[in-house]
Every structure is written in C-alpha cells, then in structure tokens.
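Asker: need the 3D shape of this:
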Amino acid sequence: MRNLRAAGAIALVAIGLVSSFHAVAIAPTVTVAVPGPGHVPPPTKTPPGEVKLGIFLYAVQDLDFSKHTFRATFEVWWRWRGDDFDPLAALQVVGARTITTAVEDRRRLPSGENYLVARVDAVISEKLDTGAFPFDRHRLTIEIESPYEDDYLRFVVDSEASLLDPEAFSPGWRLTDFRMSEIHQQYPTTFGLKERQNERYSRVVVEVVAERVGWRAALDYFIGFIVCALICILGYFIPPREISVRASLVMTATFTAVGNKYVVNTLTETSVNARLANVAVLTSFAMVLLLMITSIICERMIKAGNTTRAVTLNRNVGAAAAIGYVLVIAFFLLRALRAAPT
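Answerer: Have a look, this model is predicted:
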C-alpha cells in the first residue's frame, strides 16, 4: 500500500512537470514586402566605381526552424561619389523575404562624397540545421548584392567601423564570430542573353554565429525525458510482485515522454533532424518498454515459483538499463557539444 501511494505521488509530480512545459513565444512583427531591384543595366554611363559599405548589426531574432528564416536588424551605410547612384533604391538583400527600411541620415561630405545611413529590418532565408539541438549553433549570413555589374559598381567593406553590437538583442541566443567580406558573384545562367554570360556582381557578405544559450535551457527542453528515465529506473526498485505499482509508473513515464516530445517538436523543424532530441525520445520509450516487458516476465516467473530468479533478472536488467541509458545519452551529448556551426 505504501508503494502504491509513493507511485501515485511520483505520478502527480511528473504530470505537473509535463504541464509546466512551455514553448518560447515569438512576438508577431509587422513587415512590408519589398521586391529587390534585380540585376538591371547601369542607369548612367558614369559609374560610381567603389562604394564603401558598412554594417552595424544590433539584433538577430525569430529563428524559425519550420520556415528556415531569421530576422536581422542593422544599420547600413554607404559612401560614394556622383549623383546618379541611389544606394537605398538599389538595396538588394539576397534571400530576403521581407524588408523594411528607414533613412537615418543623408548628407554630402566636405570631401564631395555622398553619405547615407539607413536602418534595415529583414526576414532572411537560411538553412537551419537542428541536428545538435539544444546545443545547436548556426552561421547566419546577411548578403547585400549590387544590382549592377562589378565593372560599374564595386563594394568596399568598411571594416574599421563595421561590427556586431556588444549588447546585440537576440533572446535565447548568443551572437559571436562576426565577419564581413566582399566577393564577386557570378551566376551559372545567362538570364536569356548570351552577352551576360560573364557578368559578375559585387556582394558584401556578413556572417555571425548564433549559439543557443545555456545548459539551463537545455535542461528545460529535456526535463520530461530525464524524468521518464528516472521513473523507469525507480521502477526496478519496486518488488516484481507489485505489478500494479509498476504499471502506474509505466503510464506516468509514458505521459512525461510524450509531453516532452510535443515541446521539442515546437522548437525544432522535426525530431528526425534533431539527432540528440531524437535519441532522447527513442531511449525514453525504450526504457518504458523494457520496464514493462521485464515486469511481465518477472510476474510470470513468480507465479511459476521462481521468485529468486525473478528478483535476480529484475536487478540485472535494471542495472543494465541505467548504465546503457547514461552511455548512449552521453555519447550523443558530446557529439552535439562538439558540432561545428551549420
């Protein structure tokens, strides 16, 4: 009777933990879709030549693993000569689904150069791999490409002033390894015109690594799986003849694992891609199944008069299950911690 009460108390605690799970809410944002200008012929015969471009990145948020997008907010500035080039009208963020812009400053410098600063908020497509969840790191890229050929316009990176805000806003993520470079992009198509075969376009590439924050968050995401495994291990300490108590523990462990699986699915694209999460799911249900099968076998052995053998089998299976669970989880945990940014 005492064992039954203890099992009931454990069940209530475990169900309470499951009900406390929550997914991170993402606040809705209002954006305006702005189509890029595409690759167009130069507007004049007087090219601006080199255009200095810099970026101050101060927010990366809303990493969406189902849509494979993230939202970046940054200041971008241009310095150029001539009056025929409008950098804001020619702004093209590669892979952007939506862009909103606001001019912060526009002036002519004493040197005769034009100067423009704009704030940009963009939702950008990015392949997000959740294989190392909840210790995943993602190399995010912001690419600004000239719509004109590089012999007409070429970006020069303002590496001295460009940087990541030390207090960048990125809830749930840590931003590191900010890089910025300029490349010449050549496409494998002629866009239907043979004379465009060797065209190249200047492109500024900004890279930053977003790393999910903290062990505490990882514990929150996997607490149901951990509780499930602990309940199953505890089940082996219940005498094999107490089959009703063991059945209660099996049911409770199943509920905690299922509840945690739903939480993980809301945070990742799919549990198939999240290798560590997938292993945690499989091992949790394997622990439940093993406890259930062992309990049934032991009960039959006791009814057949083999009580000693039943107790020995229960003890050996319990020890093997506990050791095997720890080894498997530790192996995939180390792999996730050592995974390179994707």
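
Asker: for A72, grab the count of nearby residues.
Answerer: Look at A72: counted by other C-beta atoms under 10 Å, it has 25 neighbours. The C-beta positions use only the backbone N, C-alpha and C, and glycine is treated the same way.

Asker: E50 versus that one, what's the distance?
Answerer: To E50, A72 is 25 Å away according to C-beta to C-beta, to the nearest Å.

Asker: ok, now V281?
Answerer: Relative to E50, and taking C-beta to C-beta, V281 is found at 54 Å.

Asker: and the two? Which one has more around it.
Answerer: Each of V281 and E50 has its neighbours counted (other C-beta under 10 Å); V281 has more, 21 against 14.

Asker: quick one: contacts for that one?
Answerer: Counting by C-beta atoms under 8 Å, 6 or more residues apart in numbering, V281 touches F225, A257, K261, V264, S271.

Asker: buried members of the residues you listed into PyMOL, please.
Answerer: Command for PyMOL that selects the buried part of the contacts of V281, burial taken from 16 or more other C-beta atoms under 10 Å:
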select buried, resi 225+257+261+264+271
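
Asker: ok, the contacts of V281 vs L175, which is closest?
Answerer: V264 (23.8 Å; C-beta to C-beta).

Asker: surely the closest one is in contact with L276?
Answerer: No. Between V264 and L276 there is no contact under C-beta atoms under 8 Å: 9.8 Å.

Asker: which residues do the two both contact?
Answerer: F133.

Asker: tell me where the protein has helices.
Answerer: 2-19, 215-235, 243-267, 275-303, 307-338 (DSSP state H).

Asker: mean pLDDT and distance to D150 added to those helices, as CSV?
Answerer: Formatted as CSV, these follow (pLDDT from 0 to 100; distance: least, C-beta to C-beta, whole Å):
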stretch, mean pLDDT, distance to D150
helix 2-19, 46, 57
helix 215-235, 87, 44
helix 243-267, 87, 42
helix 275-303, 91, 41
helix 307-338, 91, 39
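
Asker: got phi/psi on the nearest residue to A336 once chain neighbours are set aside?
Answerer: Closest residue in space to A336, ignoring its immediate chain neighbours: A132 at 4.1 Å, by C-beta to C-beta, 6 or more residues apart in numbering. Torsion angles at A132 (phi, psi; degrees, to the nearest 10) stand at phi -100, psi 10.

Asker: in contact with the residue lying farthest from the centre of the chain, which residues?
Answerer: Distance from the C-alpha centroid of the chain peaks at G305, with 54.9 Å (C-alpha atoms, centre = their mean). By C-beta under 8 Å, 6+ apart, G305 lies in contact with nothing.

Asker: phi and psi next, for it.
Answerer: Phi and psi for G305, reported as degrees, to the nearest 10, are phi 90, psi 10.

Asker: S159 now?
Answerer: phi -70, psi -20.

Asker: ok, now which ones touch it?
Answerer: If a contact means C-beta under 8 Å, 6+ apart, then S159 has M180 as its contacts.

Asker: picking up where we left off before, you'd agree the residue nearest to A336 is up against A339?
Answerer: Yes. With contact defined as C-beta under 8 Å, A132 and A339 form a contacting pair (4.0 Å).

Asker: the more surrounded of these two?
Answerer: Neighbour count, other C-beta under 10 Å: between A132 and A339, A132 has more, with 24 against 17.

Asker: contacts only, for that one.
Answerer: By C-beta under 8 Å, 6+ apart, the neighbours of A132 are R275, L276, R335, A336, L337, A339, T342.

Asker: now swap in Y201 and tell me
Answerer: Taking C-beta under 8 Å, 6+ apart as the definition, contacts of Y201 comprise H39, E145, S146, P147, Y148, E149, D150, H184, Q185, Q186.

Asker: and the third one, how many neighbours?
Answerer: Applying the criterion other C-beta under 10 Å, we find 26 residues in the vicinity of S146.

Asker: cool, and the fourth one?
Answerer: Here the number of neighbours of P147 (other C-beta under 10 Å) works out to 19.

Asker: any idea how far it is from N278?
Answerer: P147 is 43 Å from N278, by C-beta to C-beta.

Asker: can I see the domain layout of this protein?
Answerer: 2-24+215-338, 49-212 (automatic domain parsing).

Asker: and the last one, average pLDDT?
Answerer: If I follow you right, that is domain 49-212. Mean pLDDT, computed over domain 49-212, is 92.

Asker: please renumber the chain so that the first residue is 38 from this point on.
Answerer: With 38 as the first residue, the last one maps to domain 86-249.

Asker: what about it, how long is it end to end?
Answerer: 41 Å (C-alpha to C-alpha, to the nearest Å).

Asker: surely S207 touches L100?
Answerer: No. Assessed by C-beta under 8 Å, S207 is found out of contact with L100, at 9.0 Å.

Asker: picking that back up, so can I have TSV of the helices of the chain showing distance to A127?
Answerer: Converted to TSV, the helices of the chain look like this (distance: least, C-beta to C-beta, whole Å):
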stretch	distance to A127
helix 39-56	53
helix 252-272	41
helix 280-304	38
helix 312-340	42
helix 344-375	42
